[in-house]
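> can't give you the sequence, but here's the structure:
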């Protein structure tokens with residue numbers, strides 16, 4: 001397929017090669033070669049015809065741009081391809097040429113070609129997904145006790161651990177890899193149904209031909225032709241879209257944490273990466289940008305797949321063609337996003353000192369809930385909550401540390417001074433101590449995720 005300069009910018013050369021015109025056309029020729037050989041094995045056509053057909057099933061022998069152009073007029077790329085294949089075989093044997101594409105239909109060729117291309121796309125996606133997941137879990141293990149601000153509704157909330165946050169990024173990717181593998185097994189299957197899905201031309205040899213073809217192409221045999229039954233196929237595309245959404249979540253957080261005012265994380269820089277044409281000081285999160293661009297486009301691409309499912313009778317008019325056009329875009333975007341984030345996390349700068357300064361700059365306010373819960377045991381929950389609310393406002397107004405204001409209030413009350421352990425209270429304002437719950441959860445989830453990954457490998 002040809003892509004615009006802007007699509008090229010957002011994907012990888014490896015994924016572009018999977019879906020480029022040459023690759024797709026060659027996959028169509030793979031189908032025709034496998035069909036001819038299978039029909040010879042089943043006694044449908046002569047072996048001499050199968051050999052003649054197979055000998056010229058190479059995209060290099062044909063004018064691919066001309067076939068693509070003719071496909072626009074014909075309404076299906078397979079029509080001019082079969083025509084050119086027939087003409088080429090006829091140069092050697094008119095008899096053999098009469099057996100080209102016997103009993104099949106254009107959609108069989110194109111669907112199976114897209115299955116073969118998608119299998120290669122899936123292999124690329126799976127490898128890149130494995131790489132990113134491993135790196136995230138490695139960083140999570142290293143930073144399982146590193147304090148960092150958790151933020152809700154874009155505002156500082158509490159102290160969590162960076163490892164817990166990283167595990168939260170990695171877990172959806174592990175689940176995505178599981179779902180993609182399972183769905184790929186169901187969706188990547190041979191399409192062979194003939195004109196209306198019944199293989200009527202092949203008579204009682206249809207099942208045998210399908211088995212031979214499936215073995216040659218290393219694909220499962222479908223229960224029946226899925227010309228207009230697109231559910232398993234579309235589910236695979238939707239799993240890719242969900243993956244892109246999870247990558248967008250990571251890119252969103254990463255880009256926010258890379259903002260100069262926060263500066264807790266930074267993508268790698270140098271060699272022109274992330275620079276500005278006007279501002280030398282800029283360090284733009286370009287990996288996040290690419291992943292966010294994919295996440296912006298994926299919902300519309302997924303919606304097109306869903307909209308195209310309402311196909312008419314035994315062959316879709318317009319909707320199947322729309323599905324074919326949008327299908328590669330999802331995979332191109334997904335791989336572009338994955339590779340971009342792999343680049344980012346391979347050289348990610350983690351500023352733990354800045355994370356600590358960001359916590360300290362909040363005057364201890366993010367520990368207010370923990371302090372309120374602790375005081376509730378001594379003075380009751382309503383009174384503890386009201387006290388912390390009042391003292392928080394006082395700390396903000398005066399610029400003082402909440403802990404200092406709280407200790408002063410306790411010392412002024414004789415009863416509270418007897419009931420409340422100041423040392424224990426001070427512990428609640430220690431950022432490292434505040435990571436305890438997050439650290440415990442992260443460590444437990446890390447073990448589960450590592451176990452799941454081990455089953456993949």
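Yes, it's here. Just so you know, these numbers come straight off a predicted model, no measurement behind them.
> ranges for the helices of the stretch 201-350 of the chain?
Assigned by DSSP state H, counting those that start in this stretch, the stretch 201-350 of the chain shows helices spanning 206-217, 231-257, 286-307, 319-346.
> please identify the most buried of those.
helix 319-346 (a mean of 22; mean count of other C-beta atoms under 10 Å). (Each C-beta comes from the backbone N, C-alpha and C, glycine too.)
> any idea how far residue 116 is from residue 82?
Separation of residue 116 from residue 82 (C-beta to C-beta, to the nearest Å) stands at 17 Å.
> the more surrounded of the two?
The neighbour count for residue 116 versus residue 82, taken as other C-beta atoms under 10 Å, is higher for residue 116 (24 against 21).
> relative to helix 206-217, how tilted is the one helix or strand that one maps to?
Assignment of secondary structure by DSSP states H and E places residue 116 within helix 106-142. Interaxial angle, helix 106-142 versus helix 206-217 (axes from the mean of the first three to the mean of the last three C-alpha atoms, to 10 degrees): 40 degrees.
> related to what we said a few turns ago, for residue 164, find the nearest of the helices of the stretch 201-350 of the chain.
Closest to residue 164 of those, according to C-beta to C-beta: helix 231-257, at 12.6 Å.
> excluding chain neighbours, what is closest to residue 457?
Using C-beta to C-beta, 6 or more residues apart in numbering and skipping residues adjacent in sequence, the residue nearest residue 457 is residue 130, 8.0 Å away.
> surely the one you found and residue 456 touch.
Yes - contact criterion C-beta atoms under 8 Å: residue 130 and residue 456 qualify, at 6.9 Å.
> related to what we said a few turns ago, residues contacting the residue nearest to residue 457?
177, 453, 456-457 (C-beta atoms under 8 Å, 6 or more residues apart in numbering).
> closest to residue 395 among those?
Each of the contacts of residue 130 was checked against residue 395 using C-beta to C-beta; the closest is residue 453, at 44.9 Å.
> check what pLDDT the closest one gets.
For residue 453, the model assigns a pLDDT of 95.
> tell me which residues of whichever helix or strand it is part of are tucked away?
Per DSSP H and E: residue 453 is located in helix 436-456. Buried positions in helix 436-456, judged by neighbour count with 16 or more other C-beta atoms under 10 Å: 438-439, 441-443, 445-446, 449, 453.
> I'd like these laid out as a markdown table, including distance to residue 61.
Output for these, formatted as a markdown table (distance: C-beta to C-beta, whole Å):
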| residue | distance to residue 61 |
| --- | --- |
| 438 | 61 |
| 439 | 62 |
| 441 | 60 |
| 442 | 57 |
| 443 | 59 |
| 445 | 54 |
| 446 | 53 |
| 449 | 49 |
| 453 | 44 |
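> for those residues, which one is nearest residue 46?
Nearest member of these to residue 46, counting by C-beta to C-beta, is residue 453, at 50.9 Å.
> gap between the closest one and residue 132?
Residue 453 is 12 Å from residue 132, by C-beta to C-beta.
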